[in-house]
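Asker: starting from these lines, generate the structure:
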Amino acid sequence: MEVNGESIDSLKRSHTRKAISKRLAQGPTYSYVRDAVIGASDGAITTFAVVAGVSGADLSAGIVIVLGLANLLADGFSMAVGNFLGIRAELERQAKTRADEHLHVALIPEGEREEMRQILERKGFAGDDLDRAVQVVTANVNRWVDAMLLEEHGLGKSQPVPWKAGLTVFAAFLIVGMVPIWVYLWNWLSDHPVSTPFFWSAVGTGTAFVLVGALKGRVVGKPAFRSSIETLTLGGIAAGLAYGVGLALKSVVTG
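Answerer: Modelled structure (predicted):
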């Protein structure tokens with residue numbers, strides 16, 4: 001029997017006293033899978049949208065390559081910078097909140113202690129147990145502030161590194177975003193061009209959507225098939241809109 005892809009025996013080994021102590025000592029870790037999924041999904045969607053729009057307008061393969069590569073570098077870098085700045089701003093906000101809580105504990109300890117008391121009451125503590133729990137938590141200032149950040153503000157200890165998150169988005173964007181234009185690059189560089197490049201670009205992009213969706217489903221514990229269909233559908237809608245815009249522009253230009 002398995003639980004989320006992990007066997008019962010493996011779960012038992014990870015929950016021995018020694019394993020638990022080691023895991024808790026290491027503290028929570030941040031997963032960059034979210035950043036990779038965001039970058040990969042957007043890379044495939046936006047680049048294929050460019051391909052679809054250019055194909056709908058019946059423009060040359062060279063324009064597909066130029067606009068596709070431009071989108072990869074510009075949009076990918078923009079997403080990475082946005083992710084970096086957003087995470088850094090959030091970390092700065094959290095640092096300010098932590099500093100504020102330290103100040104509150106120093107200036108109005110009884111008020112902060114009452115907040116902790118009410119928090120623990122909501123968790124089911126009462127009577128002597130409640131008094132002891134409040135005393136234990138508030139005996140150490142850092143532990144006290146950590147508890148307030150988690151319970152009052154919903155801020156945990158698991159924090160991303162901004163540049164790693166930005167780089168993950170950029171790398172995933174470039175790698176998966178190359179899929180829609182690979183066949184056009186092949187035709188440009190090779191003496192044996194592939195016929196119907198838009199068809200093969202669509203097949204490759206659809207496969208990328210399915211794989212990214214399956215990865216997302218595995219991470220969040222959803223069925224891979226349903227998550228893949230969801231990602232494929234959203235990507236297909238974006239491509240369809242871009243193709244329609246290309247057709248409309250073509251009709252306007254050609255009159």
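
Asker: show me where pLDDT drops low in the stretch 1-150 of the chain?
Answerer: Residues of the stretch 1-150 of the chain that meet the criterion pLDDT under 70 lie in 1-7, 24, 27.

Asker: which helices and strands sit right next to the longest helix along the chain?
Answerer: The longest helix of the chain (DSSP state H) is helix 61-107. Contacts defined by 3 or more CB pairs under 8 Å, 6 or more residues apart in numbering; DSSP states H and E place helix 61-107 against helix 33-56, helix 109-122, helix 141-153, helix 162-177, helix 182-189. In this view, the C-beta of every residue, glycine as well, is placed from N, C-alpha and C.

Asker: of the ones you listed, flag the one that's most buried.
Answerer: helix 33-56 (a mean of 24; mean count of other CB atoms under 10 Å).

Asker: report the angle between the axes of that one and helix 182-189?
Answerer: If you take axes from the mean of the first three to the mean of the last three CA atoms, to 10 degrees, helix 33-56 sits at 60 degrees to helix 182-189.

Asker: okay but G177 is in contact with V50, surely?
Answerer: No: contact criterion CB atoms under 8 Å: G177 and V50 do not qualify, at 9.6 Å.

Asker: name the residues contacting each of those two.
Answerer: Overlap of the contact sets of G177 and V50 (by CB atoms under 8 Å, 6 or more residues apart in numbering) consists of N71.

Asker: how about H153: what's its closest non-neighbour residue?
Answerer: Nearest non-adjacent residue to H153, counting by CB to CB, 6 or more residues apart in numbering: T97, 5.7 Å away.

Asker: so what's that neighbour up against?
Answerer: Shown in contact with T97 (CB under 8 Å, 6+ apart): L149, H153, L155.

Asker: and D131, how many neighbours does it have?
Answerer: Other residues near D131 number 13, with proximity taken as other CB atoms under 10 Å.

Asker: where's it, which helix or strand?
Answerer: helix 127-138 (DSSP states H and E).

Asker: report the backbone C-alpha coordinates of that helix in CSV.
Answerer: In CSV, the C-alpha atoms belonging to helix 127-138 read as follows (Å, rounded to 0.1, in the frame of the first residue of the first chain):
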residue,chain,number,x,y,z
GLY,A,127,-6.7,25.8,33.1
ASP,A,128,-3.3,24.8,34.3
ASP,A,129,-2.3,23.4,30.9
LEU,A,130,-3.0,26.8,29.3
ASP,A,131,-1.0,28.6,32.0
ARG,A,132,2.0,26.3,31.5
ALA,A,133,1.8,26.4,27.7
VAL,A,134,1.8,30.3,27.8
GLN,A,135,4.7,30.2,30.2
VAL,A,136,6.8,27.8,28.1
VAL,A,137,6.2,29.6,24.8
THR,A,138,6.8,33.1,26.2
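
Asker: who does that helix touch, helix- and strand-wise?
Answerer: helix 109-122, helix 141-153.

Asker: buried ones in that helix?
Answerer: Buried residues in helix 127-138, counted by 16 or more other CB atoms under 10 Å: L130, A133, V134, V137, T138.

Asker: in CSV, list these along with distance to L11.
Answerer: As requested, those are exported to CSV (distance: CB to CB, whole Å):
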residue, distance to L11
L130, 33
A133, 29
V134, 34
V137, 30
T138, 35
